[in-house]
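K.L.:
Output the structure for:
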Amino acid sequence: MLAKAFGSAVFGVNATIITIEINVSQGTKFFMVGLPDNAVKESEQRVESAIKFFGYKMPRQKVVVNLAPADIRKEGSAYDLPIALGLLQASDQLITESLHEYLIMGELSLDGVLRPIKGVLPIAIEARKQGFKGFILPKENASEASIVSNLEVIGVKTIKEAIDFLEGNLTIEPVATNTRDVFFSQLNDYGVDFSDVQGQENIKRALEIAAAGGHNVIMIGPPGAGKTMLAKRLPTILPPLSLHEALETTKIHSVAGKLGANAHLIATRPFRSPHHTISDVALVGGGGVPQPGEISLSHNGVLFLDELPEFKRTVLEVMRQPLEERRVTISRAKVSIDFPANFMLLSSMNPCPCGYYNHPEKECVCPPGAVQRYLNKISGPLLDRIDLHVEVTPVSFDEMTSRRKAESSEAIRERVIAAREKQTERFKETSGVYCNAMMPSQMVKEICQINEAGKALLKSAMERLGLSARAYDRILKVSRTIADLANSDDIRIEHLAEAIQYRSLDRENWAG
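P.N.:
Next comes the predicted model:
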């Protein structure tokens, strides 16, 4: 007898429906076709043990399992449940007319208990799109799938529950989630706040400008100056995620298996901080079946690279294209997959190997030339994509012990949102540009116009401070953001002067 069940395969952040055909006929042996990998082939042993545990029999006839379309490689153990249910129907042990109405996924343990799987959200979205009545899956994944409306999400603990539900012997209430309620209840759920940070007002100001314009930042300062503490609080002042951005971000984390059991929607901006020993594949994404890397997991959020010069040169260089194009393309022999990568790059570094170059109190013990060699570990093209270079100085004892309440993230965020609204209005007719940092050079000339006094100041700064030519566009973009924060239509001379000071590493004499 022939039976059909439906599962799904995930490629990139999108899902494809897989038809699982099981035919039980005269003969012997178990055959699985349709480009299954080893994990899928091994499902025979798991399925047999799981159904026997609940008193069902493995057919001792010729069994052919076909995973269609047959030219797409199937990976992972999530096909166990649909194969098992299709096998039971094909051998007349499962009597149901509704198997084809549900998309079914789940990994079986040997006692028939279901284990959680990855990529549930894109699968649920595709199931609704293809008109399935519902989605049968492990109970731990039901909350994640329930984000998708107009789809019955049936969470089951064991294969026996799935069988009884399909036969009508067990009523399981679909898991329902009010997506908007969950989203808005977690929107500002951060565990840190800028009010925790005493002093460092100039750094807070720089991060506010970065958040308002979507600019990339590098912080240079000695150990213990507070670079990491400040970095962790940057997401708290970024504009809140929209519901569309939250769904997009959740899909990426779902595919990567980063959501965990009973997870819902990611409602806060991601903050990823990989260790400096990370490989280029782990950062940008890849693998036999491409998986998202850290830059895609940072999509709509912040990627923080602490101690930037300690990262391998090849790792840093792979970020150059994603920083420009806001996406990553992973190409393999038979497939090419795009992962979104619209993130803010926030990085930090010591000014020299010993960490105390330009320190107000401690003396640098590095040999001559060491500071420049240390800085040269970061390539010019990468620095070219970083708009703000901020020098961080240690906090004084008086500031650390001050009882004065620092400004909260909420207050800073309100100013950032107001500035972003001006930019949304400015770029509403331009596709692919949403904030000042995304402006191409031609648009910079049109939008970031300065008066004669401003031109004189910028010319003087470039000559006296030895600023490089690449600093010119960056200064104009940052000054436009500063003007937006000040609710000014024009870039005034004070906005330009503030932007100039954020180009420390472009100064020819910075490293001595």
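
K.L.:
Neighbours of residue 115, how many?
P.N.:
15 (other C-beta atoms under 10 Å). All C-beta spots, glycine's among them, are computed from the backbone N, C-alpha and C.

K.L.:
Spatially nearest residue to it, not counting backbone neighbours?
P.N.:
Of all residues not flanking residue 115 in the chain, residue 107 sits nearest, at 4.3 Å (C-beta to C-beta, 6 or more residues apart in numbering).

K.L.:
okay but that neighbour is in contact with residue 137, surely?
P.N.:
No. Shown here, residue 107 and residue 137 do not form a contact pair, counting by C-beta atoms under 8 Å, at 10.3 Å.

K.L.:
Same drill for the two, tell me which one is more crowded.
P.N.:
Counted by other C-beta under 10 Å, residue 107 and residue 137 do not tie: residue 137 has more neighbours, with 30 against 20.

K.L.:
Quick check: the more buried one is in a strand.
P.N.:
Yes. Assessed with DSSP: H, G, I helix; E, B strand; the rest coil, residue 137 lies in a strand.

K.L.:
ok, it - contacts?
P.N.:
81, 104-106, 114, 117, 120, 145, 153-156 (C-beta atoms under 8 Å, 6 or more residues apart in numbering).

K.L.:
Tell me what it is bridged to.
P.N.:
residue 155 (DSSP bridges).

K.L.:
before we move on, back to that, now list whatever residues contact both of residue 107 and residue 137.
P.N.:
Contacts common to residue 107 and residue 137, judged by C-beta under 8 Å, 6+ apart, are 81, 114, 117.

K.L.:
ok, so of these, who is nearest residue 53?
P.N.:
Comparing the shared contacts of residue 107 and residue 137 against residue 53 with C-beta to C-beta places residue 114 closest, at 12.6 Å.

K.L.:
Check whether the closest one sits in a helix, strand or coil.
P.N.:
Per three-state DSSP, residue 114 ends up strand.

K.L.:
how many other residues sit next to it?
P.N.:
27.

K.L.:
residues in contact with the closest residue to it other than its chain neighbours?
P.N.:
Sequence neighbours aside, residue 138 is the residue nearest to residue 114 in space, at 4.0 Å (criterion: C-beta to C-beta, 6+ apart). By C-beta under 8 Å, 6+ apart, the contact list for residue 138 reads 106-107, 114-117, 155-157.

K.L.:
and which of these is nearest residue 330?
P.N.:
residue 117 (21.8 Å).

K.L.:
pLDDT score for the residue nearest to the closest one when sequence neighbours are not counted?
P.N.:
Distances taken as C-beta to C-beta, 6+ apart put residue 78 closest to residue 117, at 4.2 Å, once the chain neighbours are dropped. Note for residue 78: predicted pLDDT of 94.

K.L.:
likewise residue 506?
P.N.:
Residue 506 carries a pLDDT score of 69 in this model.

K.L.:
Using the three-state scheme, assign the residue nearest to residue 117.
P.N.:
coil.

K.L.:
what's the neighbour count on it?
P.N.:
Quick note: residue 78 (other C-beta under 10 Å) scores 31 neighbours.

K.L.:
Also residue 332?
P.N.:
Neighbours of residue 332 using other C-beta under 10 Å come to 12.

K.L.:
And for the one 4 residues further on?
P.N.:
Summarising burial for residue 336: neighbours were counted as other C-beta under 10 Å, giving 12.

K.L.:
Equivalent analysis for residue 445, please.
P.N.:
Using other C-beta under 10 Å, the number of residues around residue 445 comes to 12.

K.L.:
can you tell me which helix or strand it belongs to?
P.N.:
helix 441-447 (DSSP states H and E).

K.L.:
so what's residue 409 up against?
P.N.:
Contact analysis of residue 409 by C-beta under 8 Å, 6+ apart lists 190, 193-195, 233, 236-237.

K.L.:
Where does pLDDT dip in the chain?
P.N.:
Judged by pLDDT under 70, the chain has its weakly predicted residues at 261-262, 333, 397, 400, 469-470, 506-512.

K.L.:
Which residue ranges make up each domain of it?
P.N.:
In the domain annotation for the chain, the residue ranges read 2-177, 194-425 (automatic domain parsing).

K.L.:
any chance of those in JSON lines, plus distance to residue 498?
P.N.:
JSON lines is the format used below for the domains of the chain (distance: least, C-beta to C-beta, whole Å):
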{"stretch": "domain 2-177", "distance to residue 498": "39"}
{"stretch": "domain 194-425", "distance to residue 498": "8"}
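
K.L.:
wait, which of these is closest to residue 462?
P.N.:
Using C-beta to C-beta, the domains of the chain put domain 194-425 closest to residue 462, at 15.0 Å.

K.L.:
and that closest one, how far out from the chain's middle?
P.N.:
12 Å (C-alpha atoms, centre = their mean, to the nearest Å).

K.L.:
so how far is the first residue of that domain from its last?
P.N.:
28 Å (C-alpha to C-alpha, to the nearest Å).

K.L.:
ditto for stretch 393-402
P.N.:
For stretch 393-402, the end-to-end distance is 17 Å (C-alpha to C-alpha).
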